[in-house]
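Novice: got a sequence here, can you model it:
(2 chains)
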Amino acid sequence: MSELNKAMIEQYRNSFLSEVEANVEEGEWVKMCMQCGVCSGSCPLGKHWAHPPQEIFMMIRAGKREEVLTSDSMWMCTSCYNCIVRCPRQLPITHIMHGLATYAKKLGLTPKNQPTAKFAEIFWNNMMKKGRVNELKLGLSLYFKDGFGPGIKEALRNKDLGMKMMKAKRMAAGEFFGGHGVKDVSGLQKMIKKAQELEDARMKKFDEPEASQDG
Amino acid sequence: MSEQAEKKYAAYICTGCGIGDRLDAGELEQTASRDGRMNVVKQHEMLCSQDGVQMIRNDIDKEGVNHAVIVGCSRRAKVEAFAFNDIAMTRCNIREGVIWARPDTEEAKETTQEMANDYIRMSCAEIKQMNKPSPSGQQGRNPNVLVVGGGITGMTAAIEAAEAGYSVHLVEKSSALGGHVARLHKRVPFKAAPVGTPNSPDANLPMPEDTGIGDIIAAVEGNDNIKVYLNSTVTKTSGAPGRFSVDISTESGDTITENIGSIVQATGFKLYDPENLPEFNYAGSPDIITNLELEELANAAGDGPIKRPSDGKEVTSVLFVQDVGQNSSDEGRLPYDSGIGDLVSIKQALYFKHHNGDGCDATICYDNLRTPGAPGEDFYRSGQRNGVIFTKSEVKEVVPGDSITVKMHDKILDEDAEVKVDLVVLDLGMVPNSGPDPYAANEALEGMSDEDRAEELEAQEAHAADETSVKVESILNLDYRQGTDLPHLKHGFTDSHFICFPYETRRTGIYAAGPVRRPMDMKQAMDDATGAAMKAIQEIENAAQGRAAHPRVGDLSYPTFRKEGCTQCKRCTVECPFGAIDEDEERYPQYNEARCRRCGTCMGACPVRVISFENYSVNTVGAQIKECDIPEEWDEKPRILVLACENDAYPALDQAAISGEEISPWARVIPVRCLGSTSLSWVTDALNNGFDGIIMMGCKRGDDYQCHFVRGSTMAAERMAKVGDTLETLNLEPERVVVHEVAITDIERAPALIKEMEETIEKVGLSPFKF
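Specialist: Next comes the predicted model:
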């Protein structure tokens, strides 16, 4: 059977749905969606998404693996929880969106230069250094994420706001040098490392059946 | 007139509920004795109390009172207290009808008193035309129930009736009991998930259940009160409830005649023929099957996987196409939806999850998913939980092949898709197994000119003679003048008063149950069968006492006709909505009391006014119209006659008064059994008497009728369409006579309609016929 035919057969079949169930946080809820569309209607950013939640769920059922995982829709979720509150089937939609985003990132399918994805990475790395978010560095990292030139431009554009924040002591220039942190940074890092190991082990368990599916 | 001499009339005036405060009771009493010429007139401060009722009872027992007018509340109130069934009785409504409908003011006092006086005059005139109803004695008690159809509906009805002590004759056309359910692998669950079942993707939700049909068949076969006739049909049904004579033709060719009290028709449904749907290619592959055929595949699978018919390959993917040939406006397809097809497909998709494992993909292509019934939503979730894929989509084409290709349009993603599967299941609609509609030909003739009508009749005859045309076989073979089977509403489903009396058909004592009445599933059909058995039992007992069925439950009066006056025009036999009237050897109408619902449509139809009930006739109403006091023209007090259907319009007016709505002081309301009983002579009499306007209030007519006698309201409207001619000959304005559809909920509208007529009269002036 040619690859083309195989792709056809997978439409409206369970293969991708099972993959999502196994690998995506709260993914086992996707099949319970009844396609009422209340989530899409409730999402304050819904009209800016390529695929609102209802559509994402249908795409998963329709077996559109590539389209779903490379989509930037789930990265657009602001965690306002409107959809969860309103879903008549009580699907944890926000969590599923984040779960899909995480899974897509793990597979390296995140769209290039997806700002939310980038911000999340910068935020995580920033926080991991000292166990506290260094707001000054976080802001600067964001300004310079697209290179030195745009970074300077962005910084100048925001300089008045920055000065005001300094005056109001909402931002300290001293943070640029080292900055504050938790008491036991190495303890925190050890803890996170352990959690990462546990998560990797959990994912590995799902990797195996998935591998056999591929073969 | 010795009989006349034996009549003793009495009027009992209640002064309770504020009647005595608002009205001059002495004047009322005087009206009843002087104008009404009652032999006995008494007042009581609370007539419905034990003491008041006893007073009347004593007069009946000791004083020989046999005709009584109860003056007080509406006939719809205190029915139990004033249940004097051994005399002729009428109720004069001066509570809801007068004091509650009028404001308690000094200026309204005079007209309110006039209103009450008038109603007393009218009731006294009415009672003189009434006789105590007594049953014909046409039939005794016959405890036999005939059930036609041995499926789940028929068997349930049979068991229910038998367990209540009635003996049942169960006639089944095929060679075995069980019907469609006997062919099912499993049934849709009957119960929802228990309360408190958590909402989670792994909650315990209802799954397909065993049908239990074996136990039901055994219960029927083991019941001494049930006699089963297999391979048998009903070849003739004559008589009436309580005295049906039914010929049952059995397998051996014998005909057994049974005496039957009432009948349940549970003839079920057949599946729509998929051959009529070329795009789904049913004939193109053995792997494109109907939902019923899948049940057989599942049965054949035993404990193993379900295999596809073409090559015996284990099914790894199956697709269900919902609502094929249903909800369609195309010629030859079903204009309705069976409503249960989605439940059935969820059930069948779960067969595959059970038999063929989770690896077997089951996809349901629906447009509007409907899962009616208590377990419906839980069962839908059960399907989802077990991995059935639901897609809102339109299947355009099913293409046969080694794998079946389904071409569809996904309505959520708005794109076309092609899916290849091992097996395709078509969700076909349910077509009722009814006999031919007695009125099918009439409907085609409605509104035609006489010439067209003759032509159409000829064409129909030619069509009937044409051997290739499919003739629907009769099921009951009634020898009624109005056709062999139960009348249809639409699409072949039997007609009933859908809102108020869904079990009643248009043939008294014959009850349709199950999918012949409307599409339904097994659980609904069993509930339906229980209801029908209940009605059948009720009718046996009613017929035994000569009592009417819905909606005039318990009425003992029935129509008779004065033979000398009858012109044999047959209008009564044609217009009776219930086919109650046959024709005897001399071509006179032959009334069948037990088939009659006492609406009086025959009475309204009769051009020579020879049809009457003991307690309701052209004269009982005519006398009221004549006795109503018409003020002189210079008094400037118009009179409006309101003929109100007692089922909806009259209670709406009562309720209006109860809710404090004002009713015009010029209105005089006379309740009629059905607007269909309205005689044109009442209209002419009223106009000649000087009434300024006439309002007829009946129930909604048409396809979604609410007329309690199905056709009465329609017949009335048709007859009254010609009333314009009468008005013209009298030189009166046509707007003086109006027909309105009034529902029981029209509490504000009903008085407003009377007000409207008041304004009309103001415009066109008082009637010139006051003298």
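
Novice: from here on, just use CA atoms for contacts and neighbour counts.
Specialist: Fine.

Novice: now do the contacts for the residue nearest to the spatial centre of chain A.
Specialist: When chain A is reduced to its mean C-alpha position, the closest residue under C-alpha atoms, centre = their mean turns out to be residue A:101, at 4.0 Å. By C-alpha atoms under 8 Å, 6 or more residues apart in numbering or on different chains, the contact set of residue A:101 is A:69, A:74, A:75, A:110.

Novice: please enumerate the strands of chain A.
Specialist: Here chain A has no strands by DSSP state E.

Novice: please export the C-alpha coordinates of the helix or strand hosting residue B:538 as PDB.
Specialist: In this structure, residue B:538 is located in helix B:522-545 according to DSSP states H and E. Coordinates of each C-alpha in helix B:522-545 appear next as PDB, following Å, rounded to 0.1, in the frame of the first residue of the first chain:
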ATOM      1  CA  MET B 522     -38.300  -0.400  21.800                       C
ATOM      2  CA  LYS B 523     -38.600   1.300  25.200                       C
ATOM      3  CA  GLN B 524     -41.000   3.900  23.900                       C
ATOM      4  CA  ALA B 525     -43.000   1.200  22.100                       C
ATOM      5  CA  MET B 526     -43.300  -0.800  25.300                       C
ATOM      6  CA  ASP B 527     -44.500   2.300  27.200                       C
ATOM      7  CA  ASP B 528     -46.900   3.000  24.300                       C
ATOM      8  CA  ALA B 529     -48.200  -0.500  24.400                       C
ATOM      9  CA  THR B 530     -49.000  -0.300  28.100                       C
ATOM     10  CA  GLY B 531     -50.900   2.900  27.500                       C
ATOM     11  CA  ALA B 532     -52.800   1.400  24.600                       C
ATOM     12  CA  ALA B 533     -53.700  -1.700  26.700                       C
ATOM     13  CA  MET B 534     -55.000   0.600  29.400                       C
ATOM     14  CA  LYS B 535     -57.200   2.500  26.900                       C
ATOM     15  CA  ALA B 536     -58.500  -0.800  25.500                       C
ATOM     16  CA  ILE B 537     -59.500  -1.900  29.000                       C
ATOM     17  CA  GLN B 538     -61.100   1.500  29.700                       C
ATOM     18  CA  GLU B 539     -63.100   1.200  26.500                       C
ATOM     19  CA  ILE B 540     -64.300  -2.200  27.300                       C
ATOM     20  CA  GLU B 541     -65.700  -0.900  30.600                       C
ATOM     21  CA  ASN B 542     -67.100   2.300  29.000                       C
ATOM     22  CA  ALA B 543     -68.800   0.400  26.200                       C
ATOM     23  CA  ALA B 544     -70.400  -2.000  28.700                       C
ATOM     24  CA  GLN B 545     -72.100   1.000  30.400                       C
END
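
Novice: hmm, who's touching it?
Specialist: B:135, B:137, B:139-143, B:145, B:152-154, B:156-158, B:160-161, B:166, B:181, B:187, B:190, B:241-242, B:261-264, B:266, B:503-504, B:509-515, B:548-549, B:554, B:594.

Novice: could you flag which of the residues you listed are buried?
Specialist: Buried members of the contacts of helix B:522-545, counted by 16 or more other C-alpha atoms under 10 Å in any protein chain shown: B:135, B:139-143, B:145, B:152-154, B:156-158, B:160-161, B:166, B:181, B:187, B:190, B:241-242, B:261-264, B:266, B:503-504, B:509-515, B:548-549, B:594.

Novice: in strands only, show me these.
Specialist: B:145, B:262, B:263, B:264, B:510, B:511, B:512.
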